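Engineer: sequence and predicted model, in that order:
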Amino acid sequence: MKREGFRSRLGFLLVSAGCAVGIGNVWKFPYVTGENGGGVFVLFYLVFLLLMGVPVLTMELAVGRASRRSAVLGYQALEPKGSKWHIHGWFCMAGCYLLMMYYTTVSGWMLGYFFKFAGGAFAGISSEAVDAVFPAMLANPAEMTVWMAVTVLAGFLVCSLGLQGGLERVTKVMMLGLLGLIMVLAAHSLTLSGAGEGVRFYLLPDFGRAVKQGLGKVITAAMNQAFFTLSLGIAAMEIFGSYMSRDNTLAGEAVRICGLDTFVALMSGLIIFPACFSFGVEPGQGPGLIFVTLPKVFVNMAGGRLWGSLFFLFMSFASFSTVIAVFENLLAGCIDSFGWSRKKAALANGVFVLIASLPCVLGYNLWYFEAPLPNGSVGQILDIEDFLVSNLLLPLGSLVYLLFCVTRWGWGFDKYLEEANTGKGIKMPRALKPYFQFVLPVLILVILIQGLMK
């Protein structure tokens, strides 16, 4: 049976960028930037995105496009006879399931906050009352289950309609809406009094401030963020390579996907930092910045109900674009590996993800506990699931894709390079082979060890 493909190149780019654009850009990037002193962190983030993100992204896309299969069968089609690289494909599937077991909850938070702002729940309330909204939501298992379930059911409904009729059509509208919203919100933030100070903190590198923060800490945080922002290592991107045309080189497409992903991350900062400095809010407040700190800013802002609603609508679009992209990977894996129809795969996965996401929801209330993690921190169920995906499966999976593409024991550098350079656009230079074989694996190992030990 002929494999379905994207209707247009724009569809491929927006869906792939939509997979990369998510809570890592619009939630994690701003608060990590704030914690690491602003401009110098952003500078190193951009450098590492080019040095690490783009090459590994081309490798995932190359495996997908050359094989025209999802993760497990993709490896099987390309691996040397008798080798076992395809076992990693099953770990990719497991990683996608594990990611969705908590990502759907966080996406539900974004959706819940949009409806709270749009419905007037924040209108005219005190700062103390704003502080209480997020803990109250976490303590309410029924409310969190509803928003998680809406996210899961809507996501699989979109994917059940097919690649072109569902995922591509919905993501195009959502991503274009997201890009429009983010520009409106950023333009509004730049009009606030004191916005200039926030922009200077955010975009002007201040090495003195970075040294005070710890330059090594800033650089390693930037390396981590650049690597994780593209959702590499669990075949979330590989599947879109299997649907894409051979008209354009993979380096060129990877640069465009990274460009869209980075644009959203940078614009998120242009929304948040001017607003923080304008209202005297500390930008390095960590994960609570989005759900606790920023709502206070919107409450005190002229037209805050509108701006708060638009902001969380933008956040919902960003997180949901990743949800449906990863759901597509799960469906494709079941269709390819088990011969299921798309409708059957959507139904079975929908039921499974719905049930598997409940522990994360209940981990904040009925099943609350804290457990020590290998990196010295403690966390609840969401933190444990996120640790396994972010600190283990993503870097380890990316290292496997890298070694598969550049060593003679895998697919091999020559075959990877031929696939990557097929089509019009930016060619991957053969001179990069030593960097890919000896330097890039070390950088990924640094991220892996750091994530497990810090």
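Structural biologist: Noted; the coordinates are in hand.

Engineer: remind me which helix or strand G308 belongs to.
Structural biologist: Using DSSP states H and E, G308 maps to helix 304-338.

Engineer: which SSE is immediately downstream of that helix?
Structural biologist: Next in line after helix 304-338, if elements are assigned by DSSP H and E, sits helix 342-356.

Engineer: worst mean pLDDT across the helices and strands of the protein, which element?
Structural biologist: None of the helices or strands of the chain scores lower by mean pLDDT, DSSP states H and E than helix 288, at a mean of 71.

Engineer: so which residues make contact with that one?
Structural biologist: With contacts defined as C-beta atoms under 8 Å, 6 or more residues apart in numbering, helix 288 is touched by F134. (Glycine included, C-beta is placed from N, CA and C.)

Engineer: after that helix, next one along is what?
Structural biologist: helix 294-299.

Engineer: report all helices and strands that that following helix contacts.
Structural biologist: helix 87-118, helix 127-138, helix 250-278, helix 304-338 (3 or more C-beta pairs under 8 Å, 6 or more residues apart in numbering; DSSP states H and E).

Engineer: next, the angle helix 87-118 makes with the shortest one.
Structural biologist: Just to be clear, that refers to helix 127-138. If you take axes from the mean of the first three to the mean of the last three C-alpha atoms, to 10 degrees, helix 127-138 sits at 140 degrees to helix 87-118.

Engineer: which strands and helices sit next to helix 127-138?
Structural biologist: helix 87-118, helix 141-160, helix 294-299.

Engineer: and L354, which of these is closest to it?
Structural biologist: helix 141-160 (5.1 Å; C-beta to C-beta).

Engineer: neighbours around M100, how many?
Structural biologist: Using other C-beta atoms under 10 Å, M100 has 28 other residues around it.

Engineer: switch to numbering from 40
Structural biologist: Taking 40 as the first residue, the last one we looked at is M139.

Engineer: the closest residue to it other than its chain neighbours: neighbour count?
Structural biologist: Distances taken as C-beta to C-beta, 6 or more residues apart in numbering put V392 closest to M139, at 5.4 Å, once the chain neighbours are dropped. Residues near V392, counting by other C-beta under 10 Å, number 24.

Engineer: wait, V392 sits on T144?
Structural biologist: No. If you go by C-beta atoms under 8 Å, V392 and T144 don't touch, sitting 11.2 Å apart.

Engineer: ok, how many other residues are close to the residue lying closest to D375 once chain neighbours are set aside?
Structural biologist: Sequence neighbours aside, S109 is the residue nearest to D375 in space, at 4.5 Å (criterion: C-beta to C-beta, 6+ apart). Neighbourhood size, S109 [other C-beta under 10 Å]: 26.

Engineer: coming back round to it: chain center to the least confident helix or strand of the chain: distance?
Structural biologist: Per C-alpha atoms, centre = their mean, to the nearest Å, the displacement of helix 327 from the mean C-alpha position of its chain is 18 Å.

Engineer: before we move on, the earlier item: I'd guessed the residue nearest to D375 sits against M276; true?
Structural biologist: No. Contact criterion C-beta under 8 Å: S109 and M276 do not qualify, at 11.8 Å.

Engineer: contacts only, for the nearest residue to L370 once chain neighbours are set aside.
Structural biologist: In space, and not counting its chain neighbours, L370 is closest to A384: 4.4 Å by C-beta to C-beta, 6+ apart. Taking C-beta under 8 Å, 6+ apart, we find A384 in contact with L369, L370, C373, I374.

Engineer: check contacts around the last one.
Structural biologist: It refers to I374. Here I374 is in contact with S109, S380, R381, A384 (criterion: C-beta under 8 Å, 6+ apart).

Engineer: do that again at 7 Å, thanks
Structural biologist: R381, A384 (C-beta atoms under 7 Å, 6 or more residues apart in numbering).

Engineer: before we move on, what about the third one?
Structural biologist: Residues near C373 by C-beta under 7 Å, 6+ apart: W379, A384, N388.

Engineer: nearest to C58, of the residues you listed?
Structural biologist: N388 (16.7 Å).

Engineer: picking that back up, what does the model give the residue nearest to M139 for pLDDT?
Structural biologist: Looking at V392, its pLDDT reads 98.

Engineer: quick check: it touching L192?
Structural biologist: No. Judged on C-beta atoms under 7 Å, V392 makes no contact with L192 at a distance of 9.7 Å.

Engineer: common neighbours of those two, please.
Structural biologist: With C-beta under 7 Å, 6+ apart, V392 and L192 have no common neighbours.

Engineer: circling back: nearest to P413, of the helices and strands packed on helix 166-177?
Structural biologist: Comparing the helices and strands packed on helix 166-177 under C-beta to C-beta, the one sitting nearest is helix 126-157, at 16.2 Å.

Engineer: now that closest one: buried residues?
Structural biologist: Buried residues in helix 126-157, counted by 16 or more other C-beta atoms under 10 Å: 127-128, 130-132, 134-153, 155-157.

Engineer: look up how far C444 lies from M283.
Structural biologist: M283 sits at a distance of 17 Å from C444 (criterion: C-beta to C-beta, to the nearest Å).

Engineer: now stretch 201-216: buried residues?
Structural biologist: L202, G205, L206, E207, R208, V209, T210, K211, M213, M214.

Engineer: avg pLDDT for it?
Structural biologist: 93.

Engineer: neighbouring contacts of that stretch?
Structural biologist: Contacts of stretch 201-216 (C-beta under 7 Å, 6+ apart): 43, 45-46, 50, 53-54, 56-57, 197-199, 282, 356, 359-360, 363, 367, 381.

Engineer: out of these, which are buried?
Structural biologist: For the contacts of stretch 201-216, buried by 16+ other C-beta under 10 Å: 45, 50, 53-54, 56-57, 197-199, 282, 356, 359-360, 363, 367, 381.

Engineer: mind putting the contacts of A384 into a markdown table with distance to G490 and pLDDT?
Structural biologist: A markdown table is the format used below for the contacts of A384 (distance: C-beta to C-beta, whole Å; pLDDT from 0 to 100):
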| residue | distance to G490 | pLDDT |
| --- | --- | --- |
| L369 | 24 | 97 |
| L370 | 29 | 96 |
| C373 | 30 | 96 |
| I374 | 33 | 95 |
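
Engineer: out of the buried ones among the contacts of stretch 201-216, flag the one nearest to T230.
Structural biologist: Out of those, the member with the shortest distance to T230 (by C-beta to C-beta) is F356, at 22.9 Å.
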